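**Student:** heads up, no residue letters with this:
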């Protein structure tokens, strides 16, 4: 009987408590999720025009890309010009402090750019910027 009891004690001492390690891993996961900065992309690469007075915008909540063929992209989806206002309203409701940044290609028409700017103003966002390269 004594030998059987000794075997039970040895088995119990050999186990490692994993709870503190799981707590640390969980806390690190939360830390990395909270501190991660997510890069927003409009959905396509745009050949932006150069500007010597370009400045960095930090609070862009809505990125709209206009391709050289006049396609409008928001959140990696092609959007019809008539649906731009609704998309901007939805994205601006998620972050009311943010701004709209339009990434228009060098060869995009001014007509498309003006339509997107009008749609953003109709959506209630008056802080509209046009992206350029420095």
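**Tutor:** Received, thanks. Note that the structure is a prediction, hence the values are computed from the model and not measured. Numbers count the residues shown, from 1 in each chain.
**Student:** low-confidence stretches in this structure?
**Tutor:** Low-confidence segments of the chain (pLDDT under 70): 1-14, 37-60, 133-134.
**Student:** all strands of it, in order?
**Tutor:** 60-66, 72-74, 77-79, 99-104, 128-130 (DSSP state E).
**Student:** who does the first one pair up with?
**Tutor:** Partners of strand 60-66 in the sheet, by DSSP bridges, are strand 72-74 (antiparallel), strand 99-104 (parallel).
**Student:** turn those into JSON lines, including mean neighbour count and distance to residue 65.
**Tutor:** (Glycine included, C-beta is placed from N, CA and C.) Output for the strands paired with strand 60-66, formatted as JSON lines (neighbours: other C-beta atoms under 10 Å; distance: least, C-beta to C-beta, whole Å):
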{"stretch": "strand 72-74", "mean neighbour count": "22", "distance to residue 65": "4"}
{"stretch": "strand 99-104", "mean neighbour count": "23", "distance to residue 65": "5"}
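**Student:** can you tell me which of the ones you listed is nearest to residue 80?
**Tutor:** strand 72-74 (7.4 Å; C-beta to C-beta).
**Student:** next up, the contacts around the closest residue to residue 64 other than its chain neighbours.
**Tutor:** Spatial nearest neighbour of residue 64, excluding adjacent residues (C-beta to C-beta, 6 or more residues apart in numbering): residue 102 at 4.9 Å. Applying C-beta atoms under 8 Å, 6 or more residues apart in numbering to residue 102 gives the contacts 64, 65, 66, 113, 116, 117, 120, 128, 129, 130, 131.
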